[in-house]
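A.B. asks: test case, fold it:
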Amino acid sequence: MAWFKKEKDIEPRKVKVPEGLWVKCNSCKEIIYRKEVDRNLKICPKCNYHFRISARERISLLEDSGTFVEVGGELESSDPLNFRDQTTYKERLRDSEKKSNSKEAATAGRALIGNYPVMLIVLDFSFMGGSMGSVVGEKFVIAAEKAAEDRVPLISVASSGGARMHEGIVALMQMAKTSALVARFKQTGLPYISILADPTFGGVSASFAMLGDIIIAEPKSLIGFAGPRVIEQTIKQQLPEDFQTAEFLLKHGMIDMIVSRKDLKQTVVKLLSLTAGNTES
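C.D. replies: Purely as a prediction, here's the structure:
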């Protein structure tokens with residue numbers, strides 16, 4: 001009879017899991033449901049690690065809804081060295097533009113934050129690691145000059161691997177250029193607030209990112225100049241486990257405060273209420 005016959009092994013049905021449904025935390029290494037992370041402003045619900053976000057997401061987080069007006073959006077990088085490694089610099093720029101949906105690693109513009117007019121410049125790590133080339137430097141200059149002209153505070157948000165090697169000395173000169181503009185802007189007596197996100201390194205940390213009147217960092221952000229391996233090889237000493245974290249820098253007086261992404265806008269509004277009225281030169 002049929003029920004005594006040995007049936008063929010039934011292969012288990014393969015269930016297709018949609019790509020990108022889960023995300024691994026860079027800090028605690030937990031696997032987390034992506035929608036849960038997105039609902040939490042891209043903060044790990046397990047360990048409070050702040051995932052990287054795009055420049056547009058950052059602007060939306062800070063601005064009063066619909067008040068951001070971009071400046072310098074038409075600027076695009078050239079290729080002064082005709083640089084090529086595994087691919088050409090021009091191809092890398094095109095790929096980064098598609099990936100980040102932006103023409104450059106920096107986005108600058110006017111906005112209201114808590115009804116306070118400000119000039120914002122935000123770096124996007126998804127565009128060539130947020131690296132600073134000639135256009136990023138120029139956008140910072142535009143933001144600083146317009147902030148001084150309009151008599152409004154300047155706010156920068158850094159997330160960068162440093163200067164863009166593809167532009168050589170042109171990129172390195174942006175360190176001096178942006179630092180000079182910070183010094184000029186400070187003569188107005190207006191506040192310059194620098195926000196550091198994960199990671200902030202190289203020529204960006206060595207220039208405008210660490211020159212703010214008030215320096216804020218997100219929790220567990222990595223901030224420094226050279227990488228820890230290079231430093232250990234140079235000084236021949238083992239570094240502390242938390243070296244180059246926001247918490248380490250706060251403990252040693254290099255930054256002023258660590259603020260969760262959830263509280264960032266509220267904190268900036270409070271700082272603006274205390275400092276934005278200082279316009280004496």
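
A.B. asks: which parts of the stretch 151-281 of the chain are strands?
C.D. replies: Residue ranges of the strands in the stretch 151-281 of the chain, as given by DSSP state E, counting those that start in this stretch, are 154-160, 192-200, 214-217, 257-258.

A.B. asks: out of those, flag the one nearest residue 48.
C.D. replies: For residue 48, the closest of the strands of the stretch 151-281 of the chain is strand 257-258, at 10.6 Å, according to C-beta to C-beta. For glycine as for every other residue, the C-beta is placed from the backbone atoms N, C-alpha and C.

A.B. asks: from the rest of the structure, what touches the closest one?
C.D. replies: Outside strand 257-258, the residues that touch it by C-beta atoms under 8 Å, 6 or more residues apart in numbering are 214-219, 246-247, 250, 267.

A.B. asks: let me see the contact set for the residue lying closest to residue 172 once chain neighbours are set aside.
C.D. replies: Sequence neighbours aside, residue 163 is the residue nearest to residue 172 in space, at 5.4 Å (criterion: C-beta to C-beta, 6 or more residues apart in numbering). By C-beta under 8 Å, 6+ apart, the residues touching residue 163 are 131-133, 171-172, 174-175, 202-204.

A.B. asks: residue 71: what's it in contact with?
C.D. replies: 108-110, 139, 142-143, 146.

A.B. asks: again, only using 6 Å
C.D. replies: Neighbouring residues of residue 71 by C-beta atoms under 6 Å, 6 or more residues apart in numbering: 108-109, 142.

A.B. asks: out of these, flag the one nearest to residue 236.
C.D. replies: Distances from residue 236 to the contacts of residue 71, taken by C-beta to C-beta, are shortest for residue 108, at 42.0 Å.

A.B. asks: that closest one pairs with what?
C.D. replies: Per DSSP bridges, the residues bridged to residue 108 are residue 71, residue 121.

A.B. asks: hang on, the earlier thing: so what sits opposite the residue nearest to residue 172 in the bridge?
C.D. replies: residue 132.

A.B. asks: still on that earlier bit, now the contacts of strand 257-258: which count as buried?
C.D. replies: The neighbour-count test (16 or more other C-beta atoms under 10 Å) marks 214-219, 246, 267 as buried among the contacts of strand 257-258.

A.B. asks: quick one on the thing from earlier: TSV please, covering the strands of the stretch 151-281 of the chain and showing mean pLDDT and distance to residue 183.
C.D. replies: Below are these laid out as TSV (pLDDT from 0 to 100; distance: least, C-beta to C-beta, whole Å):
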stretch	mean pLDDT	distance to residue 183
strand 154-160	98	12
strand 192-200	97	10
strand 214-217	98	16
strand 257-258	98	23
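
A.B. asks: for residue 30, find the nearest of these.
C.D. replies: Comparing the strands of the stretch 151-281 of the chain by C-beta to C-beta, strand 192-200 comes nearest, at 16.9 Å.

A.B. asks: pull the contacting residues for residue 192.
C.D. replies: By C-beta under 6 Å, 6+ apart, residue 192 lies in contact with 154, 212-213.
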